[in-house]
Every structure is written in C-alpha cells, then in structure tokens.
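Undergrad: I'll drop the sequence and a predicted model, then ask my questions.
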Amino acid sequence: EVQLVESGGGLVQPGRSMQLSCAASGFIFSNYGMAWVRQAPTRGLEWVATISYDGSNTYHRDSVKGRLTVSRDNAKSTLYLQMNSLRSEDTATYYCTSGGYYFDYWGQGVMVTVSS
Amino acid sequence: DVQMTQSPSNLAASPGESVSINCKASKSISKYLAWYQQKPGKANKLLIYSGSTLQSGTPSRFSGSGSGTDFTLTIRNLEPEDFGLYYCQQHSEYPPTFGSGTKLEIK
C-alpha cells in the first residue's frame, strides 16, 4: 500500500524558515517524480514544486522561486520542502504527492501557518 | 499559465442520480485533464487522467470526456461515498493548474 506521510508543519513567524518532510513507502520511491501541492484555508489546490525521480530536475511555481526549494533523498525514500523567507500567503495545508504531471497518490497533508 | 474554469461551484443531488461537472481550459490542452476527489480526513484521490482514463480502483460509474478546452466528469448512479469536493487539473504543460472545485452535496 502506498503511503505518503508529511511532517514538520506548524506555526512560524513571517520571514522565518521551516522544512517539511514526506516519508514514502509502498512503492519504489527512486523511480517516481514527486511534487508538493498546497491548499490555503477555504481555497483550492495549487501546485508548488516538482522534482524528477533522480533529483536532477526541479520546477517551482513563480511565487515561491528563490524561497521554497524541493529536494529528495532516495536512500531514505523522503521528499523535502525547504521553506525560507515565509510569507502570510504561504499559509496552507501542504500535500506530498507522487507524479510529475498528474498526481496519483497524496499524503494527508501538513498545515503551515505563517503568522506573527 | 493555463486557466481552468470549473462549473458549477456547488451541486446537490440524491443517491442514485447522475451528475456532471464541467471544466474549461483557457487554451487547448489536448486530452490532458485529470479529476480528483477530496473528502475530509481522507487523502485526495486521483479518479481520472488523460481526460478519460480511469485510475486503478476508480469505480466504473465515474467517466470523463472531452478534449481541447472542454471536459466533463460524469458520475452515474451516485453512491453516498461520492459526495465531496471535485477538482480538475490540466497536465498538458507546466505549471500544472487546477480548477476552483465543485462541492457535491446530498440533496
């Protein structure tokens, strides 16, 4: 059974940093592109970033470029999202997903609240 | 970016009925559209990709149609577990973009 379990969320002040992790199991992690998708409270889904199966290619939405960075450790079957210079508009539930173009498996999500 | 316009925003129906949800892209995306279901306390579920291909495990009462800019998700013979939020997403080009969602409620 595919499992994606996010961790690392919480309350953080504007301008500070936070790292999200996603532990994957039930599939060969190193064979798949992975992505982060977020959802602000009462809003729709928004793609954040994608990383290729081997980590050699990454893609980020324009509004997070230079601040949020996706990475992975295939030896640990873990996906990361390093979030720097956080803004109030980054407040959202962040979902770890598998896939590069469409997203076939999702985690339950982790909430990130950016507030002073 | 490709803008995705989803309609209706809200939909009420009874178990056993059929419903359709529409999604319109701001430019042609060929067949590359996915549909997702979102329910409280559960992981989001991919239902359909490439317009009409059912993801493994998606019941056959779900179907997708369309190409170019106009797409439809149809659910026949609604079951109680089908009520929730539905999103479309284009997977033709980067960045992937989602519709605003349709809330399917029990009448």
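TA: Received, thanks. Numbers count the residues shown, from 1 in each chain, chains lettered A, B, ... in the order given.
Undergrad: the spatially most central residue of chain B: what's it in contact with?
TA: Residue closest to the mean C-alpha point of chain B, counted by C-alpha atoms, centre = their mean, is residue B:35 at 3.7 Å. The contact partners of residue B:35, by C-beta atoms under 8 Å, 6 or more residues apart in numbering or on different chains, come to B:21, B:23, B:46-49, B:62, B:64, B:73, B:86-89. Any C-beta I mention is one placed from the backbone N, CA and C, and that applies to glycine too.
Undergrad: hmm, try it at 6 Å
TA: B:47, B:48, B:64, B:73, B:88 (C-beta atoms under 6 Å, 6 or more residues apart in numbering or on different chains).
Undergrad: let's see if you can find the most crowded of these.
TA: With neighbours taken as other C-beta atoms under 10 Å in any protein chain shown, the top of these is residue B:88, carrying 28 neighbours.
Undergrad: need phi/psi at it.
TA: phi -100, psi 160 (degrees, to the nearest 10).
Undergrad: cool, and residue B:50?
TA: Per-residue torsions, residue B:50: phi 50, psi 40 (degrees, to the nearest 10).
Undergrad: can you tell me the closest non-neighbouring residue to it?
TA: residue B:31 (5.3 Å; C-beta to C-beta, 6 or more residues apart in numbering or on different chains).
Undergrad: pLDDT wise, what is the one you found at?
TA: Model confidence at residue B:31, given as pLDDT, is 98.
Undergrad: and for it, the neighbour number?
TA: Neighbour tally, residue B:31, other C-beta under 10 Å: 16.
Undergrad: that one reaches residue B:51, doesn't it?
TA: Yes: counting by C-beta atoms under 6 Å, residue B:31 does reach residue B:51; the two are 4.0 Å apart.
Undergrad: grab the nearest non-local neighbour of the residue nearest the centre of chain A.
TA: By C-alpha atoms, centre = their mean, chain A has its centre lying nearest to residue A:36, at 3.4 Å. Using C-beta to C-beta, 6+ apart and skipping the chain neighbours, the partner closest in space to residue A:36 is residue A:48 (4.2 Å).
Undergrad: and for residue A:19?
TA: Residue A:19 sits nearest to residue A:82 (C-beta to C-beta, 6+ apart), 5.1 Å away.
Undergrad: buried sites along the one helix or strand the one you found maps to?
TA: Assigned by DSSP states H and E, residue A:82 falls within strand A:78-83. Within strand A:78-83, the residues that count as buried by 16 or more other C-beta atoms under 10 Å in any protein chain shown are A:78, A:79, A:80, A:81, A:83.
Undergrad: same check on stretch A:6-15?
TA: Buried, per 16+ other C-beta under 10 Å, within stretch A:6-15: A:6, A:9, A:12.
Undergrad: any idea what the last one is bridged to?
TA: Yep, that's residue A:12 we're talking about. residue A:114 (DSSP bridges).
Undergrad: give the contact list for it.
TA: A:18, A:86, A:114.
Undergrad: please apply the same query to residue A:100.
TA: A:33, A:50.
Undergrad: give me that answer again for 7 Å
TA: For residue A:100, the contact set (C-beta atoms under 7 Å, 6 or more residues apart in numbering or on different chains) comprises A:33, A:35, A:50.
Undergrad: sounds good, over and out.
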